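Novice: the following comprises the amino acid sequence and a computationally predicted model.
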Number of protein chains: 2
Amino acid sequence: MAEVKNKQVLLRDYVSSNPKESDMYVTTSTLKLKLPQASNGVLVKNLYLSCDPCMVNCMKKHLNPASYVDSFKPHLPISGFGVAEVLESGDSNFKVGDLVGGITGWEQYSIIDQTESLCKIHLTDLPLSYYAGILGMPGMTAYTGFYELCSPKKGEYVFVSAASCAIGQLVGQFAKLMGCYVVGSAENKEKVDLLKTKFGFDEAFNDEEEADLGAALKRYFPEGIDIYFENVGGKLLDAVLLNMRFNARIAVCGMISQYNLEHPEGVHNLMNLITKQARLQGFVVTNYYHLYPKFLEFILPFIKQGTIIYVEDVAQGLDNAPAALVGLLAGCNIGAQIVAVS
Amino acid sequence: MAEVKNKQVLLRDYVSSNPKESDMYVTTSTLKLKLPQASNGVLVKNLYLSCDPCMVNCMKKHLNPASYVDSFKPHLPISGFGVAEVLESGDSNFKVGDLVGGITGWEQYSIIDQTESLCKIHLTDLPLSYYAGILGMPGMTAYTGFYELCSPKKGEYVFVSAASCAIGQLVGQFAKLMGCYVVGSAENKEKVDLLKTKFGFDEAFNDEEEADLGAALKRYFPEGIDIYFENVGGKLLDAVLLNMRFNARIAVCGMISQYNLEHPEGVHNLMNLITKQARLQGFVVTNYYHLYPKFLEFILPFIKQGTIIYVEDVAQGLDNAPAALVGLLAGCNIGAQIVAVS
């Protein structure tokens, strides 16, 4: 039975705010390349890992309500969405050699007991890393939130916050495909420029530079907002609530501005939901994976034609993984932040 | 052309909080019983008027976002939902002698220019006042919010706030008809008792006596809440957000706790919408009046069989109307507060 070195990224201790690199550490243990007897799980070799803002919630002792995986444990590998190759399988849905996407550990090899999150990858000529991004959780999140939850119509007014992120960049492009008017907000000039020059947003602005967010949205949406793809929360959500059109739909994907606050900010303008007959709908993308084949059928032609583009920022190797995650949370990345495991 | 005395309830001046009786005054003017030439409106004799909490929003200079009629004007009659008889019609949808329900003035006779809110009443053997309540706006609001927006299923856990109000008492009874478990909150012991003894709620409590609303809801809903019919807002909404089950649905009908605040309270727990995949849906019942025939078909047999009961508190005459409205806002009424005009 082969025994291998298994490099891992572990949590040093719970954090109370965005992690520093020193809140994680990289170590190498050894692992027998064998599933425990009678296991229904899979043994995988991890290939690509996705850095996602919501991971910060899992690094806290008291799980933040916006988390959809469990809290990480100190001195155990952290986990997230990724792409992996099956080395051994106790689950009849997967066989040796299969490529899978889903929740896995930040390490070279993982034993995944809970295989519900895993999806088999049918390779195309696109980069495999795409299955940790545009063809993985972020892509499915953008697709589900925009199409399934917001039922967009041609000509509608769409606002996306944190719009240069792995998910936001796609929502904006989906909105343009639908013939919508789309404005994105981001946290610095480089990202704002990218939204307009690369992803085809009609307008973009730096929401951290606006003293009056309500007035800023009024400027970009004099007619109001039909659809808001919510990644930020707090004051930005409050400003959107003041600028909704009748029958507005808000897909609540994340609230990154709130993750590091001990007490989340208050949102004051919810009464506008009544007269605007508006909807706030939260969602967890893993509950929509029955749509995955439909999503692939939809998106693959657009990627191949170059109609939809995808920007990823790939860090090489697990040694660089803590810095990649810290950088993402500090807003340093451009596009989807991925880690190539080996 | 007949000239008649027209007793009216007028707004004295804009209010900043719940009105006192002295913020309104009753006066008698004269009116020619004749529509202006070429009018497309109707001239009506008002019969029953409904006192609704949201009317306080219309008494303010700056219209509160939870209002769905325009601000009242000082020294003009206030308005609201009511039942009236058509005396003259410039609208081909209505003829002389028709009974109608919809938005009308607080006066003996009104000329209604905007007839979109009016619905023809096909009389049954039920009291005509019911068309200002259970068979009018409050009934349609309960029906739309509960059935259309919340898609209830047998066995689900339902919470109704301000549950003894004209709308809440019906939501609770609808929930029981569906085989749901239903708990209501109200603001005093008499109303709490009424919920259990009269309307068949499984449990009821006084939300103003609970120091920790989250803990109170946890006590009544150890398994969490599937459906919340929102009439109160603020801290109670925040407590519900902490106690939702997966796929929870919240119909946002009103937020009475916020109407008199200069700045609405902050709601802090919206992140729970994400992991609970929950929905907040605001609505304005007048946009659902295409469902009115379906609603009548549904509810009339239940009322006639006595399966659904309705408690109304009828004030006699326009002279007593200001006190009735002030009493409603102070929580003095039991059941739906109606004014019989003559």
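Specialist: Looks like it came in fine. From a predicted model like this one, the values you see are computed outputs, not experimental measurements. Numbering: from 1, shown residues only, chains lettered A, B, ... in the order given.
Novice: which residues does whichever strand or helix holds A:F295 contact?
Specialist: Using DSSP states H and E, A:F295 falls within helix A:292-305. For helix A:292-305, contacts defined as C-beta atoms under 8 Å, 6 or more residues apart in numbering or on different chains pick out A:119, A:124, A:126, A:130, A:134-135, A:139-140, A:143-144, A:177, A:307-308, A:310. All C-beta spots, glycine's among them, are computed from the backbone N, C-alpha and C.
Novice: count the residues that sit near A:T28.
Specialist: Neighbour count of A:T28, defined by other C-beta atoms under 10 Å in any protein chain shown: 13.
Novice: now it: phi and psi?
Specialist: Dihedral angles of A:T28 (phi, psi; degrees, to the nearest 10) stand at phi -120, psi 120.
Novice: that one contacts A:V4, correct?
Specialist: No - counting by C-beta atoms under 8 Å, A:T28 does not reach A:V4; the two are 10.0 Å apart.
Novice: returning to that earlier point: buried subset of the contacts of helix A:292-305 as a PyMOL selection?
Specialist: Buried residues within these, by 16 or more other C-beta atoms under 10 Å in any protein chain shown, are selected in PyMOL with:
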select buried, chain A and resi 119+130+134+135+139+140+143+144+308+310
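Novice: by pLDDT, rank the contacts of helix A:292-305 and give me the bottom one.
Specialist: The member of the contacts of helix A:292-305 with the lowest pLDDT is A:T124, at 75.
Novice: check which element follows the helix holding A:F295 along the chain.
Specialist: strand A:312-316.
Novice: can you add distance to A:A211 and secondary structure and give the contacts of helix A:292-305 back as a markdown table?
Specialist: Output for the contacts of helix A:292-305, formatted as a markdown table (distance: C-beta to C-beta, whole Å; DSSP: H, G, I helix; E, B strand; the rest coil):
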| residue | distance to A:A211 | secondary structure |
| --- | --- | --- |
| A:C119 | 44 | strand |
| A:T124 | 47 | coil |
| A:L126 | 43 | coil |
| A:Y130 | 39 | helix |
| A:I134 | 35 | coil |
| A:L135 | 39 | coil |
| A:G139 | 35 | helix |
| A:M140 | 36 | helix |
| A:Y143 | 35 | helix |
| A:T144 | 34 | helix |
| A:L177 | 34 | helix |
| A:T307 | 37 | coil |
| A:I308 | 35 | coil |
| A:Y310 | 33 | coil |
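Novice: pLDDT of the helix holding A:F295, averaged?
Specialist: Mean predicted lDDT for helix A:292-305 stands at 95.
Novice: what is the neighbour count of the closest residue to A:K218 other than its chain neighbours?
Specialist: Computed as C-beta to C-beta, 6 or more residues apart in numbering or on different chains, the closest residue to A:K218 that is not its neighbour in sequence is A:N243, at 6.0 Å. When neighbours are counted by other C-beta under 10 Å, A:N243 registers 26.
Novice: can you list the residues of chain A near chain B?
Specialist: Proximity of chain A to chain B, by C-beta under 8 Å from any C-beta of the partner chain, involves residues A:64-68, A:233, A:237, A:252-255, A:258, A:263-284, A:287.
Novice: contact partners of stretch A:239-248?
Specialist: A:157, A:159, A:213-214, A:216-218, A:221, A:223-228, A:230, A:250, A:267, A:269-270, A:272-273, A:276-279.
Novice: may I have it exported as CSV, CA atoms only?
Specialist: Provided in CSV are the C-alpha atoms of stretch A:239-248 (Å, rounded to 0.1, in the frame of the first residue of the first chain):
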residue,chain,number,x,y,z
ALA,A,239,-29.1,51.9,-0.7
VAL,A,240,-30.5,49.4,-3.2
LEU,A,241,-33.8,49.1,-1.2
LEU,A,242,-34.2,52.9,-1.7
ASN,A,243,-33.8,52.5,-5.5
MET,A,244,-35.9,49.5,-6.5
ARG,A,245,-38.4,49.4,-9.3
PHE,A,246,-41.8,47.7,-8.8
ASN,A,247,-41.4,43.9,-8.6
ALA,A,248,-37.7,44.1,-7.9
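Novice: give the buried residues for stretch A:263-278.
Specialist: In terms of neighbour count (16+ other C-beta under 10 Å), stretch A:263-278 has its buried residues at A:264-278.
Novice: now the contacts of helix A:292-305 in JSON lines, with distance to A:N46?
Specialist: What follows is those, written out as JSON lines (distance: C-beta to C-beta, whole Å):
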{"residue": "A:C119", "distance to A:N46": "15"}
{"residue": "A:T124", "distance to A:N46": "20"}
{"residue": "A:L126", "distance to A:N46": "19"}
{"residue": "A:Y130", "distance to A:N46": "16"}
{"residue": "A:I134", "distance to A:N46": "19"}
{"residue": "A:L135", "distance to A:N46": "17"}
{"residue": "A:G139", "distance to A:N46": "19"}
{"residue": "A:M140", "distance to A:N46": "19"}
{"residue": "A:Y143", "distance to A:N46": "24"}
{"residue": "A:T144", "distance to A:N46": "25"}
{"residue": "A:L177", "distance to A:N46": "33"}
{"residue": "A:T307", "distance to A:N46": "31"}
{"residue": "A:I308", "distance to A:N46": "26"}
{"residue": "A:Y310", "distance to A:N46": "21"}
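Novice: return the closest of the contacts of helix A:292-305 with respect to chain B.
Specialist: Nearest to chain B out of the contacts of helix A:292-305 is A:T144 (C-beta to the nearest C-beta; 10.9 Å).
Novice: the residue most central in space within chain A - nearest residue in space that isn't next to it in sequence?
Specialist: The centre of chain A sits closest to A:P138, judged by C-alpha atoms, centre = their mean, with a distance of 4.4 Å. In space, and not counting its chain neighbours, A:P138 is closest to A:A166: 3.7 Å by C-beta to C-beta, 6+ apart.
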